[in-house]
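Chemist: no sequence on this one, just coordinates:
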């Protein structure tokens, strides 16, 4: 439906452009108004579907998950706790995915600290007990570890981590402090 609205909007905008070239001002105004209206309706439907999904706590559809993954912004990941493994380009930028309000990041950021046996991943972060997670083949609400388009994505909370924005970077910190002054 949304695709039809966008296509219809583009067709009306093209019609308006041709009307402008031929000097027909009312047709130009109608094409411009109608095209923009149809495209705006498409975006409004998209936003309403997302709000409805969030309010109902329904699982993401494949299309919704793909949109979230594609639209997620990449941040430079930093940590004083461990070294963030470089991405394929050699930098520390990774997309930060928010799924059901929880931050997720590609497991590659923790590559030096991962041991994998089949679908079981053990994360051995410095100063913490190892955490073993089973990878699911798709995202399910609250999944600690899942595969998406041949990439493994991990929920930071599952590793005992939280995010803190620092300028244009994201700092990874422990959920609970470690050391002699921490409370168990």
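Modeler: Okay, I see it. None of these values were measured; they are calculated from a predicted model. Residues are numbered from 1 along each chain as shown.

Chemist: ok now the lowest-mean-pLDDT helix or strand in the chain, how far from the chain's centre?
Modeler: The element with the least model confidence among the helices and strands of the chain, by mean pLDDT, DSSP states H and E, is helix 25-56, at a mean of 84. Centre-to-centre, helix 25-56 and its host chain are 23 Å apart (CA atoms, centre = their mean, to the nearest Å).

Chemist: packing partners for it?
Modeler: helix 2-21, helix 62-71 (3 or more CB pairs under 8 Å, 6 or more residues apart in numbering; DSSP states H and E). C-beta coordinates here come from the backbone N, C-alpha and C atoms, glycine included.

Chemist: switch the cut-off to 6 Å
Modeler: When contacts are defined as 3 or more CB pairs under 6 Å, 6 or more residues apart in numbering; DSSP states H and E, helix 25-56 packs onto helix 2-21.

Chemist: tilt between the helix it packs on and helix 25-56?
Modeler: Relative orientation of helix 2-21 and helix 25-56, computed by axes from the mean of the first three to the mean of the last three CA atoms, to 10 degrees: 160 degrees.

Chemist: for helix 2-21, name the packing helices and strands.
Modeler: Helices and strands touching helix 2-21, by 3+ CB pairs under 6 Å, 6+ apart, are helix 25-56.

Chemist: okay, the angle between the helix it packs on and helix 62-71?
Modeler: Helix 25-56 and helix 62-71 are oriented at 100 degrees to each other (the same axes, to 10 degrees).

Chemist: list the buried residues of helix 25-56.
Modeler: 28, 31-32, 34-35, 38-39, 41-42 (16 or more other CB atoms under 10 Å).

Chemist: touching, residue 6 and residue 42? I think so.
Modeler: Yes - under the criterion of CB atoms under 6 Å, residue 6 is in contact with residue 42, at a separation of 5.0 Å.

Chemist: most distant residue from the middle of this protein?
Modeler: With CA atoms, centre = their mean as the measure, the chain has its most outlying C-alpha, relative to the mean C-alpha position, at residue 23: 45.9 Å.

Chemist: and the gap between that residue and residue 154?
Modeler: Using CB to CB, to the nearest Å, one obtains 60 Å as the distance from residue 23 to residue 154.

Chemist: likewise residue 103?
Modeler: With distances taken as CB to CB, residue 103 is found 10 Å from residue 154.

Chemist: neighbour count for the two, which is higher?
Modeler: Neighbours per residue, other CB atoms under 10 Å: of residue 103 and residue 154, the larger number sits with residue 154, 26 against 17.
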